[in-house]
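**Q** Okay, predicted coordinates and the sequence, questions at the end:
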Amino acid sequence: MAAIARRRGVAPADIEVWFADEARIGQKNKITRRWARRGSRPAAPSDQRYASTYIFGAICPRDGKAVGLVLPRCNIAAMNLHLAAISADVAPGRLAAVLLDQAGWHLSKRLAVPDNISLVPLPAKCPELNAQENVWQFMLDTWTPPKTGCCLRVEGDRRSAVARSTCLWAGWPRVLLVAARRQWFVPRVRRATPARCAY
């Protein structure tokens, strides 16, 4: 953080550390399998729906802030909207250091990064360093059983997925921030402000 502060000309105390990531909400169905006598062809009904949406989530555990967007796709355009939403929540005169993984839409040169944000890519294959991953895991374990791959399962069409995503993110700002706490980073979470979520 000291290097970022020197490069951007701000005091280290004026840097807000944010964690950002995305999660897919909806259905991700598997191939249906059946035990059967060799040579027979038993029926294997399977749900063929594939409706889904994405939550773009970002949290600042130290300051008790969270920003979320529910978007239909996960790409550079969606990431630009996410960065703009984070930028709007950064306190005036401060800089947000946004820690995220090395997905293609996170590091693209076509990103429109706001002036008050500095992107900090995490090492590859280290999801445990991103506190936002704890939020997704908490949501998987708490609100959307059963787990289906890496997807938060929601039955129904895309509208159902969007509605469920909004409820998951916006309804529990304090719980989400506590789930994302890191003892080495912040010993306790300050009083949470209501999470903003748009779609």
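**A** Cool, the structure landed.

**Q** Please count neighbours and contacts with C-alpha atoms only from this point.
**A** Will do.

**Q** now the strands for the chain?
**A** 15-26, 52-60, 65-71, 95-100, 117-121, 152-153, 196-198 (DSSP state E).

**Q** can you tell me the average pLDDT over the shortest one?
**A** The reference is to strand 152-153. In this model, strand 152-153 carries a mean pLDDT of 49.

**Q** before we move on, back to that, now the strands of the chain in TSV, with distance to Ser40 and mean neighbour count?
**A** TSV is the format used below for the strands of the chain (distance: least, C-alpha to C-alpha, whole Å; neighbours: other C-alpha atoms under 10 Å):
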stretch	distance to Ser40	mean neighbour count
strand 15-26	33	23
strand 52-60	35	26
strand 65-71	44	25
strand 95-100	50	23
strand 117-121	53	18
strand 152-153	32	25
strand 196-198	51	17
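
**Q** Among those strands, which comes closest to Glu133?
**A** strand 15-26 (7.3 Å; C-alpha to C-alpha).

**Q** Determine the angle, from 0 to 180 degrees, between the closest one and strand 65-71.
**A** Relative orientation of strand 15-26 versus strand 65-71 (axes from the mean of the first three to the mean of the last three C-alpha atoms, to 10 degrees): 30 degrees.

**Q** shaky segments in the protein?
**A** 27-30, 46-49, 142-199 (pLDDT under 70).

**Q** before we move on, the earlier item: a markdown table please, covering the strands of the chain and showing distance to Arg37.
**A** Converted to a markdown table, the strands of the chain look like this (distance: least, C-alpha to C-alpha, whole Å):
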| stretch | distance to Arg37 |
| --- | --- |
| strand 15-26 | 34 |
| strand 52-60 | 36 |
| strand 65-71 | 46 |
| strand 95-100 | 50 |
| strand 117-121 | 52 |
| strand 152-153 | 32 |
| strand 196-198 | 52 |
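
**Q** wait, which of those strands is closest to Ser87?
**A** Nearest of the strands of the chain (C-alpha to C-alpha): strand 117-121, 6.6 Å.

**Q** Quick one: residues in contact with that closest one.
**A** Strand 117-121 is touched from outside by 4, 83, 87, 95-102, 107, with contacts defined as C-alpha atoms under 8 Å, 6 or more residues apart in numbering.
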